[in-house]
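Participant: the following comprises the amino acid sequence and a computationally predicted model.
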Amino acid sequence: MEFIKPEESILLNVLSANVDFTTCESIRMSQRIDKSGQRNLAVVTKADKSPKGLLDKVTADDVNIGLGYICVRN
């Protein structure tokens, strides 16, 4: 936790497209440190193998990711 506490750190969350973003441990941990979400960036892997609705997941505001999402195809 000491590495993500400094205000100049970006909190990078790497998630698989087929997991529930709201229950992901890395997002919950980063939300405890940065409640506003302004330092959060999410990389979503396996975007090509995700179930339908990935666009809805990343555009919904269920999880506060201030720096946005980057979807990659493996």
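Facilitator: Happy to help now that I have it.
Participant: ok, the closest residue to residue 63 other than its chain neighbours - how many residues close by?
Facilitator: Spatial nearest neighbour of residue 63, excluding adjacent residues (C-beta to C-beta, 6 or more residues apart in numbering): residue 21 at 4.8 Å. All C-beta spots, glycine's among them, are computed from the backbone N, C-alpha and C. Per other C-beta atoms under 10 Å, the neighbour tally for residue 21 reads 19.
Participant: strands of the protein, start to end?
Facilitator: For the chain, applying DSSP state E gives strands covering 11-16, 40-45, 69-71.
Participant: what's the distance between the first one and the middle of its chain?
Facilitator: Right, the one you point to is strand 11-16. Taking the mean of its C-alpha atoms, strand 11-16 sits 5 Å from the chain's own mean (C-alpha atoms, centre = their mean, to the nearest Å).
Participant: likewise for the second one?
Facilitator: The gap between the average C-alpha position of strand 40-45 and the chain average comes to 4 Å, counting by C-alpha atoms, centre = their mean.
Participant: hmm, back to that, can you redo the strands of the chain as TSV with mean pLDDT and mean neighbour count?
Facilitator: Shown next, in TSV, are these (pLDDT from 0 to 100; neighbours: other C-beta atoms under 10 Å):
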stretch	mean pLDDT	mean neighbour count
strand 11-16	93	18
strand 40-45	93	19
strand 69-71	92	17
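Participant: nearest to residue 29, of the ones you listed?
Facilitator: strand 11-16 (8.4 Å; C-beta to C-beta).
Participant: still on that earlier bit, residue 27 is in contact with the residue nearest to residue 63, correct?
Facilitator: Yes - counting by C-beta atoms under 8 Å, residue 21 touches residue 27, with 6.2 Å between them.
Participant: what's the overlap in contacts for those two?
Facilitator: Common contacts of residue 21 and residue 27 (C-beta atoms under 8 Å, 6 or more residues apart in numbering): 15, 42, 63.
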